[in-house]
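Give me the fold of what follows.
(2 chains)
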There are 2 protein chains.
Amino acid sequence: MRNIKLTLAYDGTNYYGFQEQRGTGLVTIQEVLEQCLGRMAGRRVQVIGAGRTDSGVHARGQVVNFDAAGWPIPVERMPLAINGLLPRDIVVTDAQEVGEDFHARKSARSKTYCYSIWNNRIPSPFHRLYSSFLPVPLDDAAMSAACAYLMGEHDFKCFQAAGATVKTTVRTLYRAEVIRKGSLVQFVFNGDGFLYNMVRIMAGTLLQVGTGKIYPEAIKTILSSKQRALAGPTMSPQGLCLEFVEY
Amino acid sequence: MRNIKLTLAYDGTNYYGFQEQRGTGLVTIQEVLEQCLGRMAGRRVQVIGAGRTDSGVHARGQVVNFDAAGWPIPVERMPLAINGLLPRDIVVTDAQEVGEDFHARKSARSKTYCYSIWNNRIPSPFHRLYSSFLPVPLDDAAMSAACAYLMGEHDFKCFQAAGATVKTTVRTLYRAEVIRKGSLVQFVFNGDGFLYNMVRIMAGTLLQVGTGKIYPEAIKTILSSKQRALAGPTMSPQGLCLEFVEY
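Numbering: from 1, shown residues only, chains lettered A, B, ... in the order given. Predicted coordinates for the structure are as follows:
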């Protein structure tokens, strides 16, 4: 086995998420990447992704690994070679040869996600595919205060999409932060793992704080309730980006 | 006449430029805007644009004017009302009632264009629609030096698309500047008028300076030659954006 770790950036606008959807005819990032690697290898190639991203969700630092046994191509040439075959909305930004035990999902120590909001009275045609649009004023300080309650080890069940099943809903958030760059507001979350729709629901809840619908302290109550219904709405996918996976 | 000045931002990716192309079936910004204003007015509305932008070219500050005689809607409500009907890649950012003699094209005193280059070994999926990709190193200082030769009043015939006809090719550039924000290199031009493809050809010529193909001083020779063949290539449209029109 020749285990290769690829870092990917992609604009998820035109894809039905990362994970392959066999037999559905829906185009996913994984399928496009596997087809491209398969053409290079002359055989079927399967990649393991660090995490699924939903339809319309983007990535600046998705990570996959795959077996390049028998490939004559040096690892440092791989990004250019693979990018030559990929569509322009999917880009390999880095390739590394890693140990046999490296597994893009199981070896991940933490992930960083960013949720972006275009916060201006007037929408932006250039941010429409990469953020949610919210024209009302936001209280950044209140949202930052709410972020403090999200950090640490908690049962995040209230921030999990209804119906999702998973062994444990306890996760640790190492970082939860509000960053404003002019009209662009970004929620940055770094944690050891994320439940299904967790970032999009946390973003929806922080925006309830930012618009004064709930107090920052309400985060404590929402967390301890473990009730999805008490948290905010699931924000739309195009504001979400998988920024970084740490190993 | 009730003369209304609208400022527009648009992502030009999905349009065949600003100007209507009657009978071609090609969708342009002007047509979409006029249809939308026509629906609001209940009659045919014609807009006058400050400048044409080509297929794939963007705008953050295009200006148009039109006659809103008989419209019951107050000018301050127009952006929201019009944006409610426009597709999300075209946005009215401002509306002002102006004097009868205001003409979006003829009254313009200067325009500012920006040409963006994604200058990194690795392309960016998020900048692909809004910049040209150039993976080789650029000499920013040399390009800045070249910009100094572009500024001022010159005959810019060498930077005009072959075959274009216009009364005079003398224009004044008030500002020509290179700005780098990380991997994003931007050429900013402010001038009293621009010839057809002038910004895209100046960008192509500056990149010849930046990659060491010609010296900054060559700009002087190219200008005085008035030969299109001596200037650089016409850069692709998606890097170009009409930023601002001054009146």
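
element containing the nearest residue to residue A:149 once chain neighbours are set aside, please.
Nearest residue to residue A:149, sequence neighbours excluded (CB to CB, 6 or more residues apart in numbering or on different chains): residue A:219, at 3.7 Å. All C-beta atoms are positioned from the backbone trio N, CA, C, and that covers glycine. Applying DSSP states H and E as the criterion places residue A:219 in helix A:218-225.

now do residue A:80
With DSSP H and E as the test, residue A:80 turns up in helix A:78-83.

which SS state does the closest residue in space to residue A:87 that isn't next to it in sequence fall under?
The spatial neighbour of residue A:87 that comes closest, neighbours along the chain excluded (CB to CB, 6+ apart), is residue A:32 at 6.7 Å. Using DSSP: H, G, I helix; E, B strand; the rest coil, the structure places residue A:32 in helix.

residues contacting residue A:32?
A:15, A:86, A:87, A:90 (CB atoms under 8 Å, 6 or more residues apart in numbering or on different chains).

The lengthiest strand in chain A and chain B in contact?
The residue-count maximum for a strand in chain A (DSSP state E) belongs to strand A:170-181. No. Applying CB under 8 Å from any CB of the partner chain, one finds strand A:170-181 separated from chain B by no less than 11.8 Å.

Going by contacts, tell me the helices and strands next to that strand.
In terms of contacts (3 or more CB pairs under 8 Å, 6 or more residues apart in numbering or on different chains; DSSP states H and E), strand A:170-181 is packed against helix A:140-150, strand A:152-155, strand A:184-191, helix A:198-210.

Check which strands are paired with it and give the direction for each one.
strand A:152-155 (antiparallel), strand A:184-191 (antiparallel) (DSSP bridges).

follow-up on the earlier one: out of the contacts of residue A:32, which is most surrounded?
Counting neighbours by other CB atoms under 10 Å in any protein chain shown, the top entry in the contacts of residue A:32 is residue A:15, with 24 neighbours.

I figured it was touching residue A:21, is that so?
No. Using CB atoms under 8 Å, residue A:15 is not in contact with residue A:21, being 10.2 Å away.

which residues are common contacts for the two?
Common neighbours of residue A:15 and residue A:21 (CB under 8 Å, 6+ apart) are residue A:28.

Provide the contact partners of the host helix or strand of residue A:114 at residue level.
Here residue A:114 is covered by strand A:110-118, with elements defined by DSSP H and E. Strand A:110-118 has contacts (CB under 8 Å, 6+ apart) with A:50-51, A:61, A:124, A:127-128, A:130-134, A:138, A:174-175, A:183-194, A:199-200, A:202-203, A:207, A:235, A:239-246.

Next, the buried residues of that strand.
Under the neighbour-count criterion of 16 or more other CB atoms under 10 Å in any protein chain shown, strand A:110-118 has A:110, A:111, A:112, A:113, A:114, A:115, A:116, A:117, A:118 buried.

And these, which two are furthest apart?
A:110 and A:118 (27.2 Å; CB to CB).

Spit out the contact partners of the closest residue in space to residue A:201 that isn't next to it in sequence.
Distances taken as CB to CB, 6+ apart put residue A:159 closest to residue A:201, at 4.4 Å, once the chain neighbours are dropped. Counting by CB under 8 Å, 6+ apart, residue A:159 touches A:195, A:197, A:198, A:201, A:202, A:205, A:228, A:231.

and if you look at residue A:180?
A:119, A:140, A:186.

Would you confirm that the first one contacts residue A:187?
No. With contact defined as CB under 8 Å, residue A:119 does not count as touching residue A:187 (11.7 Å).

Those two: who's more crowded?
Higher neighbour count among residue A:119 and residue A:187: residue A:187, with 25 against 21, using other CB under 10 Å.

Output the set of residues of chain A in proximity to chain B.
So chain A meets chain B at A:9-11, A:58, A:60, A:79, A:83, A:88-93, A:122-126, A:128, A:130 (CB under 8 Å from any CB).

Which members of the residues you listed are positioned in strands?
Judged by DSSP E, the residues of chain A next to chain B include A:9, A:10, A:58, A:60, A:90, A:91, A:92, A:93 as members of strands.

what about the last one, distance to residue A:6?
The span separating residue A:93 from residue A:6 equals 8 Å under the rule CB to CB, to the nearest Å.
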